[in-house]
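Chemist: sequence first, then the predicted structure, then my questions.
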Amino acid sequence: MKKIISMLIAVIILSAALSTAVSAKGVCMFSDDFTTSFSPNNWMLRGGYDTCAFIWDHNNKYLYGQDDAIVLQSNFADGNKMWKNHYYSIDVRVQEGGLGASPNSNVIMQFQDLFQSGVTGPVYSYSIVLQTGEAYLVKEVSYTNEHGEEDFSWVAIDTAMLPSPVEIDPNAEWFNMGMRITEGRIQCYFNEELILESVYDPNDTKLGRRYNRNTPDSTVGAFEYPFVFINYDNILNLDNFQVWTGDYDFTTTPGDVNGDGKTNLADVSCLLKHIAKWKDIYTDIHQLDLNRDGNSNIADVSLLLKFLAGWDIKLK
């Protein structure tokens with residue numbers, strides 16, 4: 001105990017001098033790492049065909065999506081989980097479903113209420129075909145058909161190939177899907193690498209009377225949207241969902257648990273609150289397991305204190 005108190009005193013004296021300068025951009029608006037539960041306040045539980053069949057794996061602390069885990073949607077109705085001008089990301093791992101995996105099985109990220117398309121604008125989908133590594137940024141467009149009726153169609157506004165197909169295996173490496181939505185621009189990321197992008201063009205080809213065909217609508221980023229994740233044919237594991245402001249740049253400061261761009265005693269306090277399971281605190285999920293042993297506990301607090309006290313320690 002005396003050693004801990006002495007260390008705390010040393011940190012208090014040195015904290016101002018040892019605070020790491022701000023290097024990250026962006027503010028985290030929401031995060032859910034599923035360490036305690038699957039909260040209905042955060043996620044929609046729908047009925048019928050679009051049933052949210054994700055369950056919380058209490059042993060591994062992530063979401064486990066069964067074969068019929070078709071739609072996962074942030075709870076915009078009761079939990080106000082909607083965002084604009086933002087970047088969101090989620091960690092994914094894929095297992096083959098009980099019916100096998102079709103050649104066209106894919107995982108899809110969207111922003112927009114899946115069941116309210118066309119109300120505030122078209123739906124945009126970031127889709128990855130797992131077995132081939134094909135990636136698409138797809139737009140739902142509204143147009144007037146030959147009968148004078150309003151109809152909908154899907155148009156790919158950008159395409160790319162991932163470095164390799166996505167492995168479908170229960171022991172596969174996790175991968176990260178990210179989507180940045182800012183004014184008139186959509187960017188899609190795979191493991192934090194930009195792979196798809198489209199920017200509003202006022203002179204773009206028109207399809208019918210409502211939306212540009214080949215670029216995002218001019219209102220993209222101006223409205224608040226829920227997050228939607230869609231899966232077909234596979235068992236899915238999901239973890240570490242985060243929503244940041246649109247200027248998020250992936251850069252993190254080692255030990256910056258509270259995400260303010262600095263590493264100091266406030267991060268020690270934040271980490272202790274996280275370990276004690278306090279509610280309504282923000283933590284950077286990448287800074288909780290500082291010794292990378294698979295857990296977030298007092299050992300990580302000790303490591304962070306030593307780092308702040310000037311010990312020869314590198315935080316990963």
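Modeler: That came through fine. Residues are numbered from 1 along each chain as shown.

Chemist: residue ranges of each domain in this protein, please.
Modeler: Domain segmentation of the chain under automatic domain parsing yields 2-24+252-308, 28-245.

Chemist: which other residues reach the helix or strand hosting N176?
Modeler: Assigned by DSSP states H and E, N176 belongs to strand 175-182. Residues outside strand 175-182 that contact it (Cβ atoms under 8 Å, 6 or more residues apart in numbering): 84-93, 107, 109, 111, 126, 128, 166, 186-192, 220-221, 225, 240, 246, 248. Every C-beta, even on glycine, is put in place using the N, C-alpha and C of the backbone.

Chemist: among those residues, which ones are buried?
Modeler: 84-93, 107, 109, 111, 126, 128, 166, 186-190, 220-221, 225, 240, 246, 248 (16 or more other Cβ atoms under 10 Å).

Chemist: give the contact list for I230.
Modeler: By Cβ under 8 Å, 6+ apart, the contact list for I230 reads I70, V71, L72, V107, I108, M109, Q110, L114, S125.

Chemist: burial of the nearest residue in space to V199 that is not next to it in sequence, as a residue count?
Modeler: Spatially, and ignoring its direct neighbours in sequence, V199 is nearest to R185 (4.9 Å; Cβ to Cβ, 6 or more residues apart in numbering). Neighbour count for R185, taken as other Cβ atoms under 10 Å: 16.

Chemist: residue contacts, R185?
Modeler: R185 sits next to E197, S198, V199, Y200, P216, V220, G221 when contact means Cβ under 8 Å, 6+ apart.

Chemist: tell me, how many neighbours does the fourth one end up with?
Modeler: Same thing as Y200. Using other Cβ under 10 Å, Y200 has 17 neighbouring residues.

Chemist: circling back to that earlier point, next SSE downstream of the strand holding N176?
Modeler: That would be, after strand 175-182 and using DSSP H and E, strand 185-190.

Chemist: the nearest residue to S296 once chain neighbours are set aside and W56, how far apart?
Modeler: Nearest residue to S296, sequence neighbours excluded (Cβ to Cβ, 6+ apart): L288, at 4.2 Å. Using Cβ to Cβ, to the nearest Å, L288 is found at 18 Å from W56.

Chemist: tell me, how many residues neighbour the residue nearest to N297 when sequence neighbours are not counted?
Modeler: Closest residue in space to N297, ignoring its immediate chain neighbours: I275 at 6.1 Å, by Cβ to Cβ, 6+ apart. Counted with other Cβ under 10 Å, the neighbours of I275 add up to 15.

Chemist: list the contacts of I275.
Modeler: By Cβ under 8 Å, 6+ apart, the contact set of I275 is S296, N297, I298, V301.

Chemist: show the buried residues in these.
Modeler: For the contacts of I275, buried by 16+ other Cβ under 10 Å: S296, V301.

Chemist: ok, the contacts of I275 vs A156, which is closest?
Modeler: S296 (41.0 Å; Cβ to Cβ).

Chemist: quick one: pLDDT of the closest one?
Modeler: For S296, the pLDDT comes out at 85.
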